[in-house]
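Colleague: okay, sequence plus prediction incoming.
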Amino acid sequence: MTTKTSSTFLAVMLIALVAAPAWAQPWQVDAARSTLTFTNTYQTVTYTGQFRRFNAKIEYDPADLAHARFDVEVDIASLDTENSERDHAALGTAFFDAARFPQAHFVTTAFRKAANGEVLADGTLTLRGISKPVTLTVKFVQKGGDATLDVTAQLRRLDFGIGTGEWADPSMIGDAVTVQGHLLLEPARAPGVQPAASARSG
Amino acid sequence: MPLRSTDSGWGVLVRAFHWSIAILILVQATIGLTMVGMGLTPAKVRVFALHKSIGITILALVLLRIAWRLTERRPADPAGMPRWQVRAAHALHLVLYGLILAIPLSGWWFNSASNAPLVWFGWFDVPSLTGGYDPVWKPRALLLHQTLFWVLVVLLVGHVGAALWHHFRQRDDVLRRMLWKR
């Protein structure tokens, strides 16, 4: 190693160190390649739907769970179950009531490691005006400078008053809903502060 | 009443197919015309599910009926029936077969393109014909389903009218040989 390259290396390391934030690493979500899907049953047949628009703020470093934070806003009207009648009904007052509750919100309260080593994110989901604790299973895979974040949660639609009354019958619409987020993350590029970017180029 | 059709009358299987399908079509048409005007409730979902199940049943019966009919002869036409009437009657029957095959198929197609479930009387899953949602063909399939239904209604008026005309005006056995008593 020549003096020149080692001094460059040192400089990069120093910049990275100085620029390293006190909170966990912020990420930028590649919205075009990220999905927020769910599975449920309708007339006992399993179907998959998705919310096409959502905004996720992700701060996550697997080595620093104490400072990790997910904050996700979901545009309810972007629901798509590939069945226009079903989508139309789902946005109506008996179900999501998108006119009154246009957004769903999930924010983490704490991250922890389960006995089997899985990372769990406890948080609060506010859906249709009802807030309930929800736990996500977190799978975070870093590859180069980018990362993939897969989260899964088990919900009960009736906990949030989605399809109550005559629609509560779970043989018509299943109560259990599995939600899956698949996010492709890039290092957030705040102007002037690019710790991840310099780490990648160095 | 013989199992197979003879020169003088239809066999018991043909009659069973004819009347079971006729009754199911009447029930199915009534349900179909009623359900489209219903407000969205679980009852509507159940009535649609029933319509789909009956439709698949009709389709299966029609396929069995055609398969059986291909192994059979048809009874002789009444002596002295004009040639154009014989031709018209046979042509009408052929078109009716086509319609009672195409109407459930187009309904199944519409349901598939809509990405809607189809569980036969809650018993088993009937596969999709389109492999998922198809918003392009969905309205076309529905238009076909509805149009063919109204064509069937018109032709059935002719079918029933012709049967009654044979029975009451011609006093031949065209209707009787399809009825149960003989």
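Modeller: Received, thanks.

Colleague: and the helix or strand bottoming out on mean pLDDT in chain B, does that touch chain A?
Modeller: One helix or strand of chain B scores below all others by mean pLDDT, DSSP states H and E: strand B:124-125, with a mean of 94. Yes. Contact of strand B:124-125 with chain A is found when judged by CB under 8 Å from any CB of the partner chain, involving B:D125. C-betas here are computed from N, CA, C, even on glycine.

Colleague: any idea how far that strand is from the middle of the chain?
Modeller: Strand B:124-125 sits 22 Å away from the centroid of its parent chain (CA atoms, centre = their mean, to the nearest Å).

Colleague: direction included, what does it pair up with?
Modeller: Strand B:124-125 sits in its sheet next to strand B:119-120 (antiparallel), going by DSSP bridges.

Colleague: surely A:T44 touches B:G122?
Modeller: Yes. If you go by CB atoms under 8 Å, A:T44 and B:G122 touch, sitting 7.3 Å apart.

Colleague: and the residue nearest to A:G165 when sequence neighbours are not counted, how many neighbours?
Modeller: With CB to CB, 6 or more residues apart in numbering or on different chains as the criterion, A:G165 has its nearest non-adjacent residue at 7.3 Å, and that residue is A:A94. Applying other CB atoms under 10 Å in any protein chain shown, we find 17 other residues in the vicinity of A:A94.

Colleague: wait, doesn't A:A94 sit right on A:A168?
Modeller: No. With contact defined as CB under 8 Å, A:A94 does not reach A:A168; the gap is 10.2 Å.

Colleague: helix, strand, or coil at the residue in chain B sticking out farthest from the centre?
Modeller: Taking CA atoms, centre = their mean, the residue of chain B most remote from its mean C-alpha position is B:G80, at 29.9 Å. Following DSSP: H, G, I helix; E, B strand; the rest coil, the label given to B:G80 is coil.

Colleague: does the lengthiest helix in chain B reach chain A?
Modeller: Counting residues, the longest helix in chain B under DSSP state H turns out to be helix B:83-113. No. Judged by CB under 8 Å from any CB, helix B:83-113 stays clear of chain A, getting no closer than 10.0 Å.

Colleague: now that helix: how far from the chain's centre is it?
Modeller: Taking CA atoms, centre = their mean, one finds helix B:83-113 lying 8 Å from the centre of the chain it belongs to.

Colleague: what is it packed up against?
Modeller: helix B:42-69, helix B:137-164 (3 or more CB pairs under 8 Å, 6 or more residues apart in numbering or on different chains; DSSP states H and E).

Colleague: please name every helix or strand in contact with the first one.
Modeller: Spelled out, that is helix B:42-69. helix B:12-35, helix B:83-113, strand B:119-120.

Colleague: just for chain B, where's the confidence low?
Modeller: B:181-182 (pLDDT under 70).

Colleague: report the central residue of it.
Modeller: B:I100 (3.4 Å).

Colleague: ok, chain A next?
Modeller: Closest-to-mean residue, chain A, CA atoms, centre = their mean: A:G181 / 5.3 Å.

Colleague: neighbours around B:M178, how many?
Modeller: B:M178: 17 neighbours (other CB under 10 Å).

Colleague: got phi/psi on it?
Modeller: In terms of degrees, to the nearest 10, the main-chain angles of B:M178 are phi -100, psi -10.

Colleague: please report the distance of it from chain A.
Modeller: 38 Å (CB to the nearest CB, to the nearest Å).

Colleague: wait, that residue sits on B:V12?
Modeller: No. Applying CB under 8 Å, one finds B:M178 not in contact with B:V12, separated by 11.2 Å.

Colleague: excluding its backbone neighbours, what's nearest B:V153?
Modeller: B:A29 (7.6 Å).

Colleague: I figured the one you found hits B:L156, correct?
Modeller: No. Using CB under 8 Å, B:A29 is not in contact with B:L156; the gap is 9.5 Å.

Colleague: any chance of JSON lines for the helices and strands packed on helix B:42-69, columns distance to A:Q142?
Modeller: As requested, the helices and strands packed on helix B:42-69 are arranged in JSON lines below (distance: least, CB to CB, whole Å):
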{"stretch": "helix B:12-35", "distance to A:Q142": "54"}
{"stretch": "helix B:83-113", "distance to A:Q142": "42"}
{"stretch": "strand B:119-120", "distance to A:Q142": "44"}
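
Colleague: quickly find the element holding A:W27.
Modeller: For A:W27, the element it lies in under DSSP states H and E is strand A:26-29.

Colleague: export only the CA atoms of that strand, formatted as CSV.
Modeller: Only the C-alpha atoms of strand A:26-29 are listed here, as CSV (Å, rounded to 0.1, in the frame of the first residue of the first chain):
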residue,chain,number,x,y,z
PRO,A,26,-31.4,6.2,7.0
TRP,A,27,-32.5,4.5,3.8
GLN,A,28,-34.3,5.7,0.7
VAL,A,29,-37.0,3.3,-0.6
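
Colleague: now do that strand, average pLDDT.
Modeller: Strand A:26-29 carries an average pLDDT of 94.

Colleague: immediately after it, which helix or strand?
Modeller: Trace forward from strand A:26-29 with DSSP H and E and the next one is strand A:35-42.
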